[in-house]
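**Q** Whatever this is, show me its structure:
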Amino acid sequence: MVSSSAGIVTGLTAAALVTIGVLAHQASVSVPDDLGRTGATVSPAPGAAKAPRDRRHPHALPAMSGTGERVVYSVDDDRVWLVGPGNKVRRTFEVTPSTVDPTPGAYTVTSRSNRITGSDGIPVEHVVRFAGAQGVAIGFSAAVDGSTAAPDPDRPTGGIRESRADGEAMWNFATIGRQVVVVP
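**A** Now for the predicted structure:
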């Protein structure tokens, strides 16, 4: 009787493993190719125009910059908006762009570092990363010495520099998983 019970258990275990294998295979063939991709989740149409701006209020949140709580970064305007509930702008500020720009689209904050040395050799704090391009990580950071000088144009860097006060505001707002919308 013991060997009969062991045979049943072995048979049921084998059947369960086969079922799991079949389900895993079915799931793997239906996974989108871009699952886990750190790039943009929404791409602009080829030749997409610059996001419409309010000419009377140049610091106004760009139209078509998403919904919900998010960080909005305008590549053309070198400006950031921290957007809270109800589409209300909590803070907006100018930044010094990196030499490598992120592609317009929607991203999420993927990692953060309190203090590190930037890819340009400058000590930085409040690093909030959300994208990658041309082999460099792209994110917001503040130089510990407070400088916001433009980076060497011949060196690929992904650090979008902000003042220390703006860096602290970004650090407190842009936690892991927070949406970052990049507009032209």
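
**Q** all contacts plus neighbour counts: C-alpha atoms, from now on.
**A** Will do.

**Q** what helix or strand does Ser113 sit in?
**A** Taking DSSP states H and E as the definition, one finds Ser113 inside strand 111-117.

**Q** Give the buried residues for that strand.
**A** The neighbour-count check on strand 111-117 (16 or more other Cα atoms under 10 Å) flags Arg112, Ile116 as buried.

**Q** Packing partners of that strand?
**A** When contacts are defined as 3 or more Cα pairs under 8 Å, 6 or more residues apart in numbering; DSSP states H and E, strand 111-117 packs onto strand 123-133.

**Q** Adjacent strands (with direction) for the strand it packs on?
**A** Strand 123-133 has its sheet partners listed here by DSSP bridges as strand 111-117 (antiparallel), strand 136-143 (antiparallel).

**Q** Which among the ones you listed is found nearest to Thr92?
**A** Taking Cα to Cα, strand 136-143 is the member of the strands paired with strand 123-133 nearest to Thr92, at 13.7 Å.

**Q** Residues contacting the helix or strand following the closest one, please?
**A** Sequence-wise, the next helix or strand downstream of strand 136-143 (DSSP H and E) is strand 159-161. With contacts defined as Cα atoms under 8 Å, 6 or more residues apart in numbering, strand 159-161 is touched by 95-98, 118-119, 137-143, 148.
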